[in-house]
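Participant: no sequence on this one, just coordinates:
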């Protein structure tokens, strides 16, 4: 995950802050004099700069007028500003663009350094979080940036000279644009909305609340008991929801004892109680009470088993209420859903949903399910959506893998020191591997792990993963390899890009895809596997099974956000019931026919739903992209060179990026075709 927080005493303080800011503001109306002024300015500027500039002049003054308010000045100030700041020739325009790129890099880079410093105690496993740490973490140095740039009119200088482009323009015309045109478009995107700082800060505060709620939502597994009082999990095991809980299910497919299935069923029950909020509040992040998740009794009844009071859904609802404040300032994408797809992903929601449905409706899901069932030797159970028995581990159990990684990486510094060799193992030459690794700092995460890319050249990227007191377990290593993929992409697409405004990739799904390329080779990096034809086929089936599961989860995430917009006055309890219903519906449509079980709610467990503001669709899209990338790497045979070439395409339109990278637009076809071939290989063994 390219970025990644618990019940804490000051939760109500932040919630109150958010709620007090949730009245929806209205954008200011255009001043009465504006229409006449536009006509006069167009005539004046065309006379000064020539008829060939008329289209630029019209678009520029229209863009400025759309955002100009009375507090920015009257007609005299407006006309003086436009007359002075219009760049009427190519040389002046190029100079302006170069200056903005240079200075915005400095502003972005140093602001991010402040943000990371203020969040350090909250994000990293550095001991207890104090009340003031929560306030520091909620502070966003970027929140006032837009306000400042409109107040000092630098934003208007951009709007006057560089075009804001629509999604349809980028899709229809972007393939013929130069790199500089794309970069100028991204510069204009920065000022395509005028959002007040208090609204930005409210969204940031909501994010900080949600992040911290999730980052310390741990279950102490040794405290779980069954009806016979037996403890199935080792002492000291602390699992974060949902990531570590899910990974515990995965790890028990190769359990060294005969308790793996019982542990998986227990984790599923824990998950169900988190989703429906019947989990006793006292057991969250608490190592001092025993809990039977089946009977829901705590300490044999000696301690209250009062459920968590729908806090999970209150956090989500408060996030929605905060984000909704952006709506009036986004006329072309007036909901977070539209902004998420049309602006964030630049792929329309309808197309994304259709891609997910193509995977979930494919007969390959049933066929793969039957294969999973035969490999397990028992009927499928709901938690088998996380089956990872396709991954070739040889004779290594989860405990074996934990022992290997803990010995190799006793702390975060050990992983950081090993990164050059890991990158060489992935296919980068030695000098380049050392250069890339030198740009990445490895730190122990409080949450599951995330990657923070730098925002100015030569600043460090930050890799965060969980490192226990006895070292980095296999889950932490697997996450670290994934986040390293993000960091390498972030480093290349920033430090080596031709235009700062094109840094990064088209959307989060692309950096997730590139991170998956690294993560899929984690066992190879430990020297435990070598890819045979069967192993490659099994990897493809693992990709497909995982892509289908996360596509279903993403459909739930999308459905929940639509429900919140349709029911803006809902209570947390109502949101909970709606989420459970949506999760059941998605399960019943796609998975009940395969599993033979109805009304399962596990698709509602993902923590991203609570703290990541409609992030989940990036994962299945990323899985499709990753498979397309893997096919290209297989053709080339040079992972390092292909990874660099693709990363250097930068932040252009998604389909254009993919055509440059692989020759085809984004889609599920490559994954589906490869899955069919893989099934033929594995079933024929």
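Facilitator: Here it is on my side, so go on. Nothing here was measured: the structure is a model prediction, and the numbers come from that model.

Participant: could you chop this protein up by domain?
Facilitator: Per the record, the chain has its domains at 28-193, 217-309, 349-390+530-683, 398-499, by automatic domain parsing.

Participant: among those domains, show me which one is buried the most.
Facilitator: Across those, averaging neighbours per residue (mean count of other CB atoms under 10 Å) puts domain 398-499 on top, at a mean of 21. From N, CA and C alone the C-beta is placed, and that goes for glycine too.

Participant: pLDDT on that one, on average?
Facilitator: Averaging pLDDT along domain 398-499 gives 94.

Participant: quick check: which ranges of the stretch 1-150 of the chain have low pLDDT?
Facilitator: 1-29 (pLDDT under 70).

Participant: quick one, helices of it?
Facilitator: Ranges of helices in the stretch 1-150 of the chain, per DSSP state H, counting those that start in this stretch, are 11-20, 34-49, 54-67, 75-85, 90-123, 131-138, 145-151.

Participant: so which of these is nearest residue 574?
Facilitator: Judged by CB to CB, the one of the helices of the stretch 1-150 of the chain that comes nearest to residue 574 is helix 11-20, at 16.6 Å.

Participant: now tabulate the domains of the chain in CSV and tack on distance to residue 510.
Facilitator: CSV is the format used below for the domains of the chain (distance: least, CB to CB, whole Å):
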stretch, distance to residue 510
domain 28-193, 15
domain 217-309, 22
domain 349-390+530-683, 6
domain 398-499, 8
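
Participant: residue 322: which of those domains is closest?
Facilitator: Among the domains of the chain, the nearest to residue 322 by CB to CB is domain 349-390+530-683 (9.3 Å).

Participant: avg pLDDT for that closest one?
Facilitator: For domain 349-390+530-683, mean pLDDT is 95.

Participant: again with stretch 320-332
Facilitator: Mean per-residue pLDDT for stretch 320-332: 93.

Participant: start to end distance for that stretch?
Facilitator: End-to-end distance for stretch 320-332: 19 Å, by CA to CA, to the nearest Å.

Participant: contacts for stretch 256-266 next, please.
Facilitator: Stretch 256-266 has contacts (CB atoms under 8 Å, 6 or more residues apart in numbering) with 224, 226, 232-233, 248-249, 252-255, 293-294, 381, 383, 397, 399-400.

Participant: related to what we said a few turns ago, quick one: the helices of the stretch 1-150 of the chain as JSON lines, columns for distance to residue 275 too.
Facilitator: Converted to JSON lines, the helices of the stretch 1-150 of the chain look like this (distance: least, CB to CB, whole Å):
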{"stretch": "helix 11-20", "distance to residue 275": "20"}
{"stretch": "helix 34-49", "distance to residue 275": "52"}
{"stretch": "helix 54-67", "distance to residue 275": "43"}
{"stretch": "helix 75-85", "distance to residue 275": "54"}
{"stretch": "helix 90-123", "distance to residue 275": "25"}
{"stretch": "helix 131-138", "distance to residue 275": "26"}
{"stretch": "helix 145-151", "distance to residue 275": "37"}
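
Participant: go through those helices and name the closest to residue 320.
Facilitator: Taking CB to CB, helix 11-20 is the member of the helices of the stretch 1-150 of the chain nearest to residue 320, at 10.2 Å.

Participant: for residue 324, find the nearest of the helices of the stretch 1-150 of the chain.
Facilitator: helix 11-20 (10.8 Å).
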